[in-house]
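[1] what shape does this take:
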Amino acid sequence: MNRRVVITGAGAVTPVGLTVPAFWDSLKNGKHGIRLIDEFDTSDVPVKVAALIKDFDPTQYIDKKEVRRTDRYCQFAIAAAKEAMDDCGSDLKDLDPYRVGVIVGSGIGGLHSWEAEHNNFLEKGPRRVSVFFIPMMITNMAAGTISMKTGFKGVNYATVTACSSANHAIGEAFRNIKHGYLDACVAGGAEAACTKFSLAGFNNMTALSKSDNPDRASIPFDAERDGFVMGEGAGILILEELEHAKARGAKIYAEIVGYGATADAYHMTAPDPEGAGGAKAMEFAMQEAGVSPNEVDYINAHGTSTGLNDSGETKAIKTALGEAAKKVAVSSTKSMTGHLLGAAGAVEAIACAKALEEGIIPPTAGYQVPDPECDLDYVTEGARKCDIKVALSNSLGFGGHNATLCLKKYEG
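    Predicted structure coming up:
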């Protein structure tokens, strides 16, 4: 027997807010978190802006010793998980700990630690590489650390599928609960990969915006878009089996009802220009949810602000929804958060859950110049009040990984 799965807690560390209320308030008001980079010298790289987090204090969540032994991405995950657990209103200790899982993805993992310790290796020799380097660097450590802090002993791993990592994590958590392997799961993603070294790599593959105007850098679906803006942060959701959530009187944000995952099998970094894989992921998510294209009210697009992604995703939406694509509201919250890579799907799932809960669709901020190849309703006039019942959230990653979540307004 399939079981219903609901979202009962959420935590976010983002460039537009260090908590879910602050994050959601920024999205509703079209406020972006993109700024000129001042963390390091950019004089010899053409990328000048990023969506980097300021004023994050990891000692609010872990002690100073642990701060020195954890990478920035892991610290973000710990903070978001704490908020999500507090938000859900229970420590879930009434459940068998082997039936509560933790699945937290990351596209890159501990890049800050990798770079710092590699510099130590080159400058000071092998003996000066930290004994904590490996656990600080590996991509599964956020999931492992959260399990140690919560005592949850069920399914525990990291999904590593570039920009689709968090959607895959949430989708796999959903399926584990739906099919009876878990009763609850901590799921999401975390990323902190904006260093000068990584910017050089992403820039050399022509993926990043070269705009020096923060207001015109991340502009999904706009004809003048020229690449994505690197962001960082984490998003964590508490997924729970419905009957358990109801029995304890939990607040319920939304219900997850479908998950679709496919591969383009096309190119290392470029999406299928026809969007076939992305379309199938949406179709599979709708099929599992039992909803028709006409019932989809909102799509939180992957919407990276790259030429290929936005036109290809537009085609994918048209393929998946057919005639219904003309009336669906589509927006990219990356216009405000930048691209959080492996954490993107998680904060965007939170945005969808809040949109369903409050009946407000966040906008595609900063949009000015229409592109004939991107001709859907991108909610460019600001946040839109709308009684939405069904939302899709798309993530499309390097390697051709496509993952779509289908969320539904919880109505008992």
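
[2] biggest helix in this structure by residues?
    Using DSSP state H, we find that the single longest helix of the chain is helix 72-88.

[3] and the helices in the stretch 301-412 of the chain?
    Under the criterion DSSP state H, counting those that start in this stretch, the stretch 301-412 of the chain contains helices at 307-321, 334-337, 344-358.

[4] who's in contact with the second one?
    Identification of contacts with helix 334-337 by CB atoms under 8 Å, 6 or more residues apart in numbering yields 14-16, 26-27, 30-33, 51, 218-220, 228-229, 231, 233, 302-305, 344, 347, 362-367. For every residue, glycine as well, the C-beta is placed using N, CA and C.

[5] circling back: which helices and strands does the longest helix of the chain pack with?
    Helix 72-88 is packed against strand 5-13, helix 111-124, helix 141-150, strand 184-191, strand 233-241, with contacts defined by 3 or more CB pairs under 8 Å, 6 or more residues apart in numbering; DSSP states H and E.

[6] off-centre distance for it?
    14 Å (CA atoms, centre = their mean, to the nearest Å).

[7] show me which residues of that helix are buried.
    Neighbour counts using 16 or more other CB atoms under 10 Å place 72-85, 87-88 of helix 72-88 among the buried residues.

[8] same thing with stretch 163-174?
    Under the neighbour-count criterion of 16+ other CB under 10 Å, stretch 163-174 has Cys163, Ser164, Ser165, Ala166, Asn167, His168, Ala169, Ile170, Gly171, Glu172, Ala173, Phe174 buried.

[9] and if you look at stretch 61-75?
    Those would be Tyr61, Ile62, Arg69, Thr70, Asp71, Arg72, Tyr73, Cys74, Gln75, for stretch 61-75 by 16+ other CB under 10 Å.

[10] out of these, which is nearest to Gly125?
    Arg69 (21.3 Å; CB to CB).

[11] could you report the distance from that closest one to Cys185?
    26 Å (CB to CB, to the nearest Å).

[12] what of Met1?
    19 Å.

[13] neighbour-wise, which of the two wins?
    Cys185 (32 against 5; other CB atoms under 10 Å).

[14] contacts only, for the more buried one.
    Counting by CB under 8 Å, 6+ apart, Cys185 has contacts Val100, Gly101, Val102, Ile103, Gly154, Val155, Ala173, Asn176, Ile177, Ile238, Leu239.

[15] quick one: which of those residues sit in helices?
    Those of these lying in helices (DSSP H): Ala173, Asn176, Ile177.

[16] would you turn the residues you listed into TSV with distance to Lys408 and pLDDT?
    Formatted as TSV, these follow (distance: CB to CB, whole Å; pLDDT from 0 to 100):
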residue	distance to Lys408	pLDDT
Ala173	17	98
Asn176	19	98
Ile177	15	98
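
[17] quick check, nearest of those residues to Ala192?
    Ala173 (22.0 Å).

[18] wait, the closest one touches His179, no?
    No - look at Ala173 against His179 with CB atoms under 8 Å: they stay out of range, at 11.3 Å.

[19] backbone phi and psi for Glu283, please?
    With angles defined as degrees, to the nearest 10, Glu283 sits at phi -60, psi -40.

[20] how far away is Trp24 from Thr150?
    Distance from Trp24 to Thr150, by CB to CB: 24 Å.

[21] rewinding a little: got the buried residues of stretch 163-174 as CSV, with secondary structure columns?
    Below are the buried residues of stretch 163-174 laid out as CSV (DSSP: H, G, I helix; E, B strand; the rest coil):
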residue, secondary structure
Cys163, helix
Ser164, helix
Ser165, helix
Ala166, helix
Asn167, helix
His168, helix
Ala169, helix
Ile170, helix
Gly171, helix
Glu172, helix
Ala173, helix
Phe174, helix
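
[22] pick the one among those closest to His112.
    Once CB to CB is applied, the member of the buried residues of stretch 163-174 that ends up nearest His112 is Ser165, at 17.5 Å.

[23] OK, contacts around the closest one?
    By CB under 8 Å, 6+ apart, the residues touching Ser165 are Gly105, Ser106, Gly107, Ala158, Thr159, Gly189, Leu341, Gly342, Ala343, Gly345, Gly397.

[24] how about a cut-off of 10 Å?
    Shown in contact with Ser165 (CB atoms under 10 Å, 6 or more residues apart in numbering): 104-108, 139, 158-159, 188-191, 341-346, 395, 397, 401, 403.

[25] cool, Pro293 as well?
    With CB under 10 Å, 6+ apart, Pro293 has these contacts: 282-283, 286, 317, 320-325, 327-328, 390, 392.

[26] just put these in a markdown table and tack on neighbour count.
    Formatted as a markdown table, those follow (neighbours: other CB atoms under 10 Å):
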| residue | neighbour count |
| --- | --- |
| Met282 | 29 |
| Glu283 | 19 |
| Met286 | 23 |
| Ile317 | 25 |
| Ala320 | 28 |
| Leu321 | 24 |
| Gly322 | 12 |
| Glu323 | 9 |
| Ala324 | 15 |
| Ala325 | 21 |
| Lys327 | 13 |
| Val328 | 21 |
| Val390 | 24 |
| Leu392 | 29 |
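
[27] need the winner for burial among the helices of the stretch 301-412 of the chain.
    helix 334-337 (a mean of 30; mean count of other CB atoms under 10 Å).

[28] can you give me the pLDDT of Leu92?
    pLDDT, Leu92: 98.

[29] show me the contacts for it.
    Contacts for Leu92 (CB under 10 Å, 6+ apart) come out as 8-9, 85, 99-100, 150-152, 183-186, 238, 240, 244, 248.

[30] of the residues you listed, closest to Leu356?
    Thr8 (14.0 Å).

[31] pretty sure that closest one contacts Ile256?
    No - taking CB atoms under 10 Å as the definition, Thr8 is not a contact partner of Ile256, at 11.2 Å.

[32] need the residues touching each of the two.
    With contacts defined as CB under 10 Å, 6+ apart, the residues shared by Thr8 and Ile256 are Leu237, Leu239.

[33] comparing these two, which residue is more hemmed in?
    Per other CB under 10 Å, whichever of Thr8 and Ile256 has more neighbours is Ile256, with 30 against 26.

[34] surely the more buried one forms part of a strand?
    Yes - when three-state DSSP is applied, Ile256 is found to be in a strand.

[35] who's it bridged to?
    Val5, Leu407 (DSSP bridges).

[36] I figured it was touching Val390, is that so?
    No - using CB under 10 Å, Ile256 is not in contact with Val390, being 11.5 Å away.
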